[in-house]
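Participant: Attaching a predicted model along with its sequence, questions to come.
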Amino acid sequence: MERERWKTKLQEEFLRSEQLQKENFRAQFESLKSQIDPHFLFNSLNVLGSLIYRDPGKAVQFLGQLSKVYRIVLESNRKQVVPLRTELELVEAYTFLLKTRFGSNFQIMTDVPLEKMEHGLPPTAVQMLVEKAIKHNGYTPGEPLAIKIFVEGNKLVVANNLQPRLEPANSSKVGLQNIMNRYSHLTEEQVEICPTEDEFIVKLPLLQEEEV
């Protein structure tokens with residue numbers, strides 16, 4: 001009976017790991033699909049082309065950050081969990097591209113204590129939330145899109161002000177569900193989605209260092 005219990009437990013762990021791997025592959029596909037989107041590449045190459053003549057130094061920076069986004073996404077999605085510092089490196093590189101393109105139309109503020117940097121979360125989770133905010137909100141110099149990333153207790157909070165586009169963007173509606181599905185295989189703690197009249201707020205559980 002003891003052997004059968006262990007056998008059942010091993011089968012359950014195998015199925016759990018297999019399901020999590022599928023969710024990670026799905027996240028990788030969604031992230032890469034968004035970044036390889038013709039409009040993303042077209043706009044990035046346009047920005048790069050204009051910088052080459054206007055500001056060669058910044059053009060080199062832009063190309064470096066674009067390469068970094070692709071590298072981190074590909075490397076991170078081979079793992080079930082990544083350190084928060086890795087995810088914030090991805091967001092920083094992605095933000096550089098956005099700020100180069102949109103300037104003061106876009107703001108991102110990060111305030112994360114050093115002691116939380118080695119805590120874990122599913123790869124690309126934060127970047128997917130930043131993408132979601134960009135996709136579904138409008139922004140101008142007078143009314144910029146502001147995204148805040150900070151720690152509250154043992155959760156990472158990603159919040160953006162609500163400025164819905166006049167023409168709603170097409171959405172597959174799988175991003176948030178994908179993040180929640182991956183968390184369900186890692187911890188009993190829940191992803192919290194807390195929309196208000198002014199903000200869209202998501203709280204992601206931070207996994208302990210030994211789980212990374």
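Facilitator: Received the coordinates, thanks.

Participant: in the protein, which ranges drop under the pLDDT threshold?
Facilitator: The model of the chain has pLDDT under 70 over residues 1-4, 7, 9-10, 14, 25-41, 166-174, 209-212.

Participant: Which residue lies nearest the spatial centre of it?
Facilitator: Nearest to the mean C-alpha position of the chain, counting by CA atoms, centre = their mean, stands Gln127 at 1.8 Å.

Participant: Which elements pack onto the helix or strand harbouring Phe96?
Facilitator: Secondary structure from DSSP states H and E places Phe96 in helix 84-102. Packing partners of helix 84-102 (3 or more CB pairs under 8 Å, 6 or more residues apart in numbering; DSSP states H and E): helix 38-54, helix 56-76, strand 106-111, strand 120-121, helix 125-136. In short, each C-beta sits where N, CA and C put it, glycine included.

Participant: Pick the most buried one from those.
Facilitator: Highest mean neighbour count among the helices and strands packed on helix 84-102 (mean count of other CB atoms under 10 Å): strand 120-121, with a mean of 24.

Participant: other SSEs contacting it?
Facilitator: strand 82-83, helix 84-102.

Participant: from these, which stretch is densest packed?
Facilitator: It is strand 82-83: most buried of the helices and strands packed on strand 120-121 by mean count of other CB under 10 Å, with a mean of 21.

Participant: what pairs with that strand, and is each one parallel or antiparallel?
Facilitator: strand 120-121 (antiparallel) (DSSP bridges).

Participant: Return the distance of the residue nearest to the centre of the chain relative to Leu156.
Facilitator: As judged by CB to CB, to the nearest Å, Gln127 and Leu156 stand 12 Å apart.

Participant: what do you get for Arg165?
Facilitator: Counting by CB to CB - Arg165 and Leu156 are separated by 26 Å.

Participant: Next: Leu121.
Facilitator: 7 Å.

Participant: Spit out the residues that contact these two alike.
Facilitator: Contact criterion CB atoms under 8 Å, 6 or more residues apart in numbering; residues shared by Leu121 and Leu156: Leu84, Leu204, Leu206.

Participant: in stretch 184-204, what counts as buried?
Facilitator: Buried residues in stretch 184-204, counting neighbours by 16 or more other CB atoms under 10 Å, are found at Ser184, His185, Leu186, Thr187, Val191, Phe200, Ile201, Val202, Lys203, Leu204.
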